[in-house]
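Undergrad: Build me a model:
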Amino acid sequence: MKRNIALILAAVLAASMISCGGNDTTDTTDTTGAGTESAVVTEEVIEANTVATKLQVAFIDAVKANPAATAEEIAGTLAQNEAVAVIGPAVAPMVEGWLNGFDAESITGFSECAMFAPMIGTIPFMGYVFTLADGADVEAFKTQLTSSANLRWNICTEAEEMVCDDEGNKVFFVMAPKAFEE
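TA: Numbers count the residues shown, from 1 in each chain. Okay, the predicted model is just below:
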């Protein structure tokens, strides 16, 4: 009986890997923001025409409007943005350690974090807002995020774009498709 169950589970796993093309975690991102389909955008705001760049602009606007806002408050604002309304993301506070979407065993160096993501795990979208301690090395923290992010953290789905930006001691990070079908 146990052997039959194990064989069935192995067959299901093999079928899912074949139908999804495997879970190749090769990072195809270009940290300069040009030259590949998947782009990492940092610092500069490009034309807000994708999910990630629309949220990037909304992040900057939210922090400028209320610099004292918590990471959770900013993530809540971003979760209500029309760019992601179709997926209805939920917001959850996070602590240092393993974070969904990253290959690193631990993401550290922040004092507060809030994740906003859809309740359905197969949608290739993951967003975070971090608050760093005053005087923290923001660029080193952003490098930690972008170097360990995996655009294909989900089986069968892959984000097309990654954006990481900061405003003061707040850091915005998102992996998303360029658009959501309605």
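Undergrad: hey, where'd the helices end up in this protein?
TA: 2-20, 51-65, 71-79, 138-148 (DSSP state H).
Undergrad: so where is the chain shaky, pLDDT-wise?
TA: Scanning the chain for pLDDT under 70 picks out the ranges 1-46, 182.
Undergrad: how about the strands in it?
TA: Ranges of strands in the chain, per DSSP state E, are 39-42, 90-94, 112-117, 126-131, 161-167, 170-176.
Undergrad: Just send those back as TSV, with distance to Leu78 and mean neighbour count too.
TA: Quick note: C-beta positions are derived from backbone N, CA and C, even for glycine. Formatted as TSV, those follow (distance: least, CB to CB, whole Å; neighbours: other CB atoms under 10 Å):
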stretch	distance to Leu78	mean neighbour count
strand 39-42	16	22
strand 90-94	9	15
strand 112-117	6	22
strand 126-131	6	26
strand 161-167	12	23
strand 170-176	8	27
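Undergrad: Could you name the stretch from the ones you listed that's closest to Asn150?
TA: Nearest of the strands of the chain to Asn150, taken as CB to CB: strand 170-176 at 8.3 Å.
Undergrad: what lines up beside that closest one in the sheet?
TA: Sheet pairing of strand 170-176 (DSSP bridges) gives strand 126-131 (antiparallel), strand 161-167 (antiparallel).
Undergrad: Go through these and name the closest to Ala83.
TA: Across the strands paired with strand 170-176, closest to Ala83 is strand 126-131 (CB to CB), at 10.4 Å.
Undergrad: ok, back up a step: with distance to Lys142 as extra columns, can I get the strands of the chain in JSON lines?
TA: JSON lines is the format used below for the strands of the chain (distance: least, CB to CB, whole Å):
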{"stretch": "strand 39-42", "distance to Lys142": "6"}
{"stretch": "strand 90-94", "distance to Lys142": "17"}
{"stretch": "strand 112-117", "distance to Lys142": "14"}
{"stretch": "strand 126-131", "distance to Lys142": "9"}
{"stretch": "strand 161-167", "distance to Lys142": "5"}
{"stretch": "strand 170-176", "distance to Lys142": "6"}
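Undergrad: So for Phe59, which of those strands sits nearest?
TA: Here strand 170-176 is closest among these (CB to CB), at 4.1 Å.
Undergrad: what sits up against the closest one?
TA: 50-52, 55-56, 59-60, 63, 71, 74, 84, 101, 110, 124-132, 138, 141-142, 145-146, 149, 151, 153, 159-166 (CB atoms under 8 Å, 6 or more residues apart in numbering).
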